[in-house]
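Undergrad: next comes the sequence, and after it the predicted model I'd like to discuss.
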Amino acid sequence: MTVMPRPSILSVEPYVGGESKVPGVNRVIKLSSNEGAFGPPPGAIRAIAEAAKEAHRYPDGGATALREAIGARFGLDPARIVCGNGSDELLALLILAYGGEGTELVMSAHGFMMYDLTGRWAGCRVIKVPEKNLTADVDGMLAAIGPRTRLVFLANPNNPTGSILPQSEVERLRAGLRDDILLVLDSAYAEYVTRPDYDPGVKLVDAAPNTVMCRTFSKIFGMGGMRLGWCYAPPAIVDVLGRVRGPFNVNAAAMAAGIAALAEPDWVEKSVAHNSEWRGKVAEALTAAGLKVWPSEGNFLLVDFGTPERAKAADAHLRARGLIVRAMGGYGLGQALRVTIGTAEENTLVIEALTAFARGG
């Protein structure tokens, strides 16, 4: 007899992040994790260095100054903001608090992998709903709702497909759910969206007590290594998260960096302009080379090679040139590779390498 975890734990394969090294290659360009093209803002770097001087002090457990800075930047009530060790922590806490054994979690088939992994870890039955054209199917998700459903997760824009649901469809999804079902809108890529009709979730959170919006500093603010995320939620859910999160779940350096990043002049505008320009250029060039590129609203593109074998060959072709992108087999998209939009030089190298591959070079 030996100590055993709950059976659902053993169904979970550990999450594997994007690779950052290629054996035998000196210069590696990492485009596998959708990290911001420009790295962290200069002000954030200075704030991290300054925070090191006080590393012996415990951080503010309530993240008061950071929540106030987020609230001021996005026009939100700081009392309804909860900060976390990356948005992953907040997603997990919501699943653990509102899901668990005997409940069901509904997500789209190619939604962010952590919903599935954490859901099973918590003991939920995870239901993955087939998509239409790699886009979440609202009718399908509503049809999947059962008496035990307690959580519905929607990444909008979605990682790894880049697809987005219009506001009317997100509202239709919320309207079709029972009041005892929590809708979690994961808006990690919200800042990159330029569509005028887009709302990252604020309107739905304000409209009802059963919706949460999650956001991150890991993408446009270039702070994936600091692990900083936040959510905007109804007061009752803020209360629950306050009960289940760790007392010092966000470190002091991350909080200082987050406040500085929000204050960096023109950072978001510069990043969005660069992303929109190069996402379009890369998509156009690869399409001209004969490759299928799915429409994206994030800082990445999903490139479809038709078969898993051809995608693996393309991946090997890129790796030989020091270019690391993300294979999509874990998402059930083995025929595709996800390519982060990097700097102008990095994007140009991707265009040249994949164009050569597509043309048999």
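TA: All right, it came through fine.
Undergrad: quick one: low-confidence ranges for the chain?
TA: 15, 17-20, 24-25, 361 (pLDDT under 70).
Undergrad: quick one: the helices in it, in order.
TA: Secondary structure of the chain (DSSP state H): helices at 42-51, 64-74, 86-98, 113-122, 138-143, 167-175, 202-207, 235-244, 252-263, 267-288, 308-319, 344-358.
Undergrad: out of the ones you listed, flag the one nearest residue 213.
TA: helix 202-207 (5.3 Å; CB to CB). (C-beta placed from N, C-alpha, C; glycine too.)
Undergrad: distance between that closest one and the chain's centre?
TA: The chain centre lies 20 Å from the centre of helix 202-207; the measure is CA atoms, centre = their mean, to the nearest Å.
Undergrad: and that helix, what does it pack onto?
TA: Contact partners of helix 202-207 among helices and strands, from 3 or more CB pairs under 8 Å, 6 or more residues apart in numbering; DSSP states H and E: helix 167-175, strand 182-186, strand 211-216.
Undergrad: need the ones you listed in CSV (columns: mean neighbour count).
TA: Shown next, in CSV, are the helices and strands packed on helix 202-207 (neighbours: other CB atoms under 10 Å):
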stretch, mean neighbour count
helix 167-175, 17
strand 182-186, 25
strand 211-216, 25
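Undergrad: tell me how far the spatially closest residue to residue 302 that is not a sequence neighbour lies from residue 79.
TA: Closest residue to residue 302 apart from its sequence neighbours, by CB to CB, 6 or more residues apart in numbering: residue 294 at 4.3 Å. Distance, residue 294 to residue 79, using CB to CB, to the nearest Å: 39 Å.
Undergrad: ok, those two, which is more surrounded?
TA: Legend: neighbour count by other CB atoms under 10 Å for residue 294 and residue 79, higher for residue 294 (19 against 11).
Undergrad: distance check, the more buried one against residue 60.
TA: Distance from residue 294 to residue 60, by CB to CB: 42 Å.
Undergrad: now residue 9
TA: Distance from residue 9 to residue 60, by CB to CB: 33 Å.
Undergrad: contacts only, for residue 357.
TA: 313-314, 317-318 (CB atoms under 8 Å, 6 or more residues apart in numbering).
Undergrad: make a ChimeraX selection of the buried ones in those residues.
TA: Selecting only the buried members of the contacts of residue 357 in ChimeraX, with burial defined as 16 or more other CB atoms under 10 Å, works like this:
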select :314,317,318
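Undergrad: pick out whichever of the contacts of residue 357 sits closest to residue 287.
TA: Distances from residue 287 to those, taken by CB to CB, are shortest for residue 314, at 14.9 Å.
Undergrad: hang on, isn't that closest one packed against residue 337?
TA: Yes. Under the criterion of CB atoms under 8 Å, residue 314 makes contact with residue 337 at 6.2 Å.
Undergrad: now list whatever residues contact both of these two.
TA: Shared contacts of residue 314 and residue 337, defined by CB under 8 Å, 6+ apart, comprise 303, 305.
Undergrad: and the end-to-end length of stretch 12-22?
TA: Its first and final residues considered, stretch 12-22 spans 27 Å by CA to CA, to the nearest Å.
Undergrad: got the domain ranges for this protein?
TA: 19-39+267-358, 42-263 (automatic domain parsing).
Undergrad: figure out which of these is closest to residue 1.
TA: domain 42-263 (22.4 Å).
Undergrad: got a list of what the residue lying closest to residue 323 once chain neighbours are set aside touches?
TA: Setting aside the residues directly before and after it, residue 323 is nearest to residue 29 in space (CB to CB, 6+ apart), at 5.3 Å. By CB under 8 Å, 6+ apart, the contact set of residue 29 is 322-324, 342, 346, 349.
Undergrad: then residue 290?
TA: 358-359.
Undergrad: swap the cut-off to 7 Å and go again
TA: Contacts for residue 290 (CB atoms under 7 Å, 6 or more residues apart in numbering) come out as residue 358.
Undergrad: cool, residue 224 as well?
TA: 33, 35, 218.
Undergrad: for PyMOL, what selects the buried ones among the residues you listed?
TA: In PyMOL, this line selects whichever of these come out buried by 16+ other CB under 10 Å:
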select buried, resi 33+35+218
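Undergrad: so can I have TSV of the contacts of residue 224 showing distance to residue 161?
TA: Converted to TSV, the contacts of residue 224 look like this (distance: CB to CB, whole Å):
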residue	distance to residue 161
33	16
35	18
218	18
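Undergrad: now residue 171: how far from residue 113?
TA: 26 Å.
Undergrad: can you get me a residue count around residue 266?
TA: 8.
Undergrad: residue 131 now?
TA: 18.
Undergrad: who touches it in this structure?
TA: 108-110, 137 are the contacts of residue 131 under CB under 7 Å, 6+ apart.
Undergrad: repeat that for 8 Å
TA: Residue 131 makes contacts with 108-110, 137, 140, 161, 163, as judged by CB under 8 Å, 6+ apart.
Undergrad: kindly report the same for residue 345.
TA: Applying CB under 8 Å, 6+ apart to residue 345 gives no contacts.
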